[in-house]
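Engineer: Got a sequence here, can you model it:
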Amino acid sequence: MKLDKKVPQFLKLLVVNNNREWFNDNKELFLEAKALFEEFIQAEIIEISKFDSRIKDLHVKDCSFRIYRDLRFSKDKTPYKIHFSAYMAEGGRKSPWAGYYTHIEPDANLIAGGLHHPQREILNKVRTLIYQNPKAFKTIVEDEKFAQHFPQISGEQLKSAPRGFDKKFKDMDLIKFQSYDFFRYVSDQELVADNYFDKSMASFRILKTVNDYFNQIISA
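Structural biologist: Numbers count the residues shown, from 1 in each chain. Purely as a prediction, here's the structure:
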């Protein structure tokens, strides 16, 4: 499976023409790019489900995000997102479960996943388990193969220790996270290369180890 070049090409046009008049005049370009992106996501769902049965019943419409921006509370009034994206996890894009994320945006493409902005109860469960047994979590994220794909946790962190945890805990940096995100950037050239799909699947297979860790905590 190869991502069609028309997908990033449309997004590059949208970056410099982010207005309703241009978008409406080029609606066919958008619909074609959207269909090609969804075809790619469907292929990802099928392939990921071979090693993660949690997502085997997903459909593209459950995972992909709308391109239209919510402008109600934003100072930025540009009407459209300049990316296509999809979150593949049990229950779809609004799922509380850890999953896999594809983000296509000019000069900012991502292969990503983990636990993004979890609910407070889930976050506290994750922090507690890491606090009780940091070695189990570190064994996963510090593994050499894992680090080759995802060298660091990329989520936002608190400035100080979370309430209820000993400030002297030696691995405090691991439980200050508010979001346990893992991602790697993909160049625009790599995105449309013949081997990109295989490379993305290799990263997602690695990511499954930390997703399993989080999902076991959530389901406990």
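Engineer: Mind listing residues that contact stretch 34-53?
Structural biologist: 1, 3-4, 6-7, 55-56, 58-60, 63-64, 67, 84, 86, 88, 100, 102, 104, 197, 200-201, 204-205, 208, 211 (C-beta atoms under 8 Å, 6 or more residues apart in numbering). No exception for glycine: its C-beta is placed from N, CA and C like everyone else's.
Engineer: Of all the residues in it, which ones are buried?
Structural biologist: Across stretch 34-53, burial judged by 16 or more other C-beta atoms under 10 Å covers 34, 36-38, 40-45, 47-48, 52.
Engineer: What of stretch 139-155?
Structural biologist: 141, 146, 149-150, 153-155.
Engineer: Show me what Ala86 is bridged to.
Structural biologist: Going by DSSP bridges, Ala86 is paired in beta bridges with Ser64, Thr102.
Engineer: How many residues are close by it?
Structural biologist: Residues lying near Ala86 (other C-beta atoms under 10 Å) number 26.
Engineer: sorry, back to before: for the buried residues of stretch 34-53, which one is nearest Phe137?
Structural biologist: The closest of the buried residues of stretch 34-53 to Phe137 turns out to be Asp52 (C-beta to C-beta; 19.3 Å).
Engineer: Check which residues of the lengthiest helix in the chain are buried.
Structural biologist: Assignment by DSSP state H gives helix 196-219 as the longest helix of the chain. For helix 196-219, a neighbour-count test (16+ other C-beta under 10 Å) marks 196-197, 200-201, 203-208, 210-211, 213-215, 217-218 as buried.
Engineer: give me every residue that touches the residue most central in space within the chain.
Structural biologist: Closest residue to the average C-alpha location of the chain: Tyr101 at 2.8 Å, with C-alpha atoms, centre = their mean. By C-beta under 8 Å, 6+ apart, the contact list for Tyr101 reads 85-88, 110-113, 116, 183.
Engineer: Where strands are concerned, which of these count?
Structural biologist: Under the assignment DSSP state E, those contribute 85-88, 110-113, 183 to strands.
Engineer: Just put those in a markdown table and tack on pLDDT and distance to Lys75.
Structural biologist: Formatted as a markdown table, the ones in strands among the contacts of Tyr101 follow (pLDDT from 0 to 100; distance: C-beta to C-beta, whole Å):
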| residue | pLDDT | distance to Lys75 |
| --- | --- | --- |
| Ser85 | 98 | 22 |
| Ala86 | 98 | 27 |
| Tyr87 | 97 | 25 |
| Met88 | 97 | 31 |
| Leu110 | 97 | 24 |
| Ile111 | 97 | 30 |
| Ala112 | 97 | 26 |
| Gly113 | 97 | 30 |
| Phe183 | 94 | 26 |
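Engineer: Could you pull out the helices in this structure for me?
Structural biologist: Assigned by DSSP H, the chain shows helices spanning 6-15, 20-25, 27-48, 60-63, 120-132, 134-141, 144-149, 172-175, 188-191, 196-219.
Engineer: which among the buried residues of stretch 34-53 gets closest to Tyr80?
Structural biologist: Nearest to Tyr80 among the buried residues of stretch 34-53, with distances taken as C-beta to C-beta, is Lys34, at 11.7 Å.
Engineer: Would you mind measuring from that closest one to Arg127?
Structural biologist: Distance of Lys34 to Arg127, computed by C-beta to C-beta, to the nearest Å: 38 Å.
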